[in-house]
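Colleague: Build the 3D model from these lines:
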Amino acid sequence: LVLAGPSKHFKTGYALLMAASFLEQHPDGMILFYDNEFGTPQGYFKTFGIPLESVIHTPITNIEELKHDMSVQLKNLERNDKVMIIIDSMGNLASIKEVEDAEEGKQVSDMTRAKAIKSFFRIVTPHLTLKDINLVVINHTYKTQEKFSKDVVSGGTGPYYSADHIWIIGRQQDKDEKTKEIDGYDFIINIEKSRYVKEKSKIPISISFDKGI
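Modeller: Now for the predicted structure:
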């Protein structure tokens, strides 16, 4: 599942909700949490009812590092292992070349990143499918340059080809009619791709500051 959208659109929240549901169904399961944004403190996991002892937190700094570590993990997993993997986030993950160019002071565009992401998905997708492992990838979107622009998932075709589901998250303010203050947000799940749900469906999820989801 790819969760894509701008910042502060509850993408990590959806991922943690799914992780909590997964562990409720499989109390002996584990969550592999690959993290390069570091915007998910331990308190978030506790808020969603996720035991910290069920989470393996792995910091990552580039795509190649993620590809190597996750390939090793998947190779050692069996079909009956109860594991869910979360990547937060693919959209903010650099390639090794991008890092090296920055260190050398080169002001050039990185043309390797999309290829590296596509390579990552080619490697992990067969393992995920054959071993029945859930992967949730948090990603970003960008606007197309057309007259009527639309949101597109970043990272090239790799995520599109590999994913069973792609959600593009939208957001609307929920204001109090009397005070005009914001009480929360209505997040809209736009089903960009799915093997089970009608594509282009729109599913609203309301989240208030005081009542939650």
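Colleague: Can you name the residues bridging to the residue nearest in space to the middle of the chain?
Modeller: With distances taken as Cα atoms, centre = their mean, the residue of the chain nearest its centroid is residue 138 (1.5 Å). Beta-bridge pairing of residue 138 under DSSP bridges involves residue 3, residue 88.
Colleague: I figured it hits residue 9, correct?
Modeller: No. Applying Cβ atoms under 8 Å as the test, residue 138 and residue 9 come out as separate, 10.0 Å apart. Using the backbone N, CA and C atoms, a C-beta is placed for each residue, glycine as well.
Colleague: Now do the SS call for residue 118.
Modeller: Counting by DSSP: H, G, I helix; E, B strand; the rest coil, the backbone at residue 118 sits in helix.
Colleague: Grab the nearest non-local neighbour of residue 89.
Modeller: residue 138 (4.0 Å; Cβ to Cβ, 6 or more residues apart in numbering).
Colleague: Can you tell me how far the one you found is from residue 208?
Modeller: Applying Cβ to Cβ, to the nearest Å, the value for residue 138 to residue 208 is 23 Å.
Colleague: And for residue 44?
Modeller: 18 Å.
Colleague: Can you list the residue ranges for strands in this structure?
Modeller: Assigned by DSSP state E, the chain shows strands spanning 2-4, 30-35, 55-59, 83-88, 134-139, 141-143, 151-153, 165-175, 182-194, 202-208.
Colleague: now, of the ones you listed, which is deepest in the fold?
Modeller: Mean neighbours per residue, mean count of other Cβ atoms under 10 Å, is largest over the strands of the chain for strand 2-4, with a mean of 27.
Colleague: Centre of the chain to that one, how far?
Modeller: 5 Å (Cα atoms, centre = their mean, to the nearest Å).
Colleague: gap between residue 57 and residue 177?
Modeller: Relative to residue 177, and taking Cβ to Cβ, residue 57 is found at 42 Å.
Colleague: I should have written residue 152 there, sorry.
Modeller: Residue 152 sits 35 Å away from residue 177, taking Cβ to Cβ as the criterion.
Colleague: Ok, residue 15 next?
Modeller: 32 Å.
Colleague: likewise residue 154?
Modeller: For residue 154, the distance to residue 177 - Cβ to Cβ - is 37 Å.
Colleague: neighbour-wise, which of the two wins?
Modeller: The residue with more neighbours, out of residue 154 and residue 177, is residue 154; 18 against 6, by other Cβ atoms under 10 Å.
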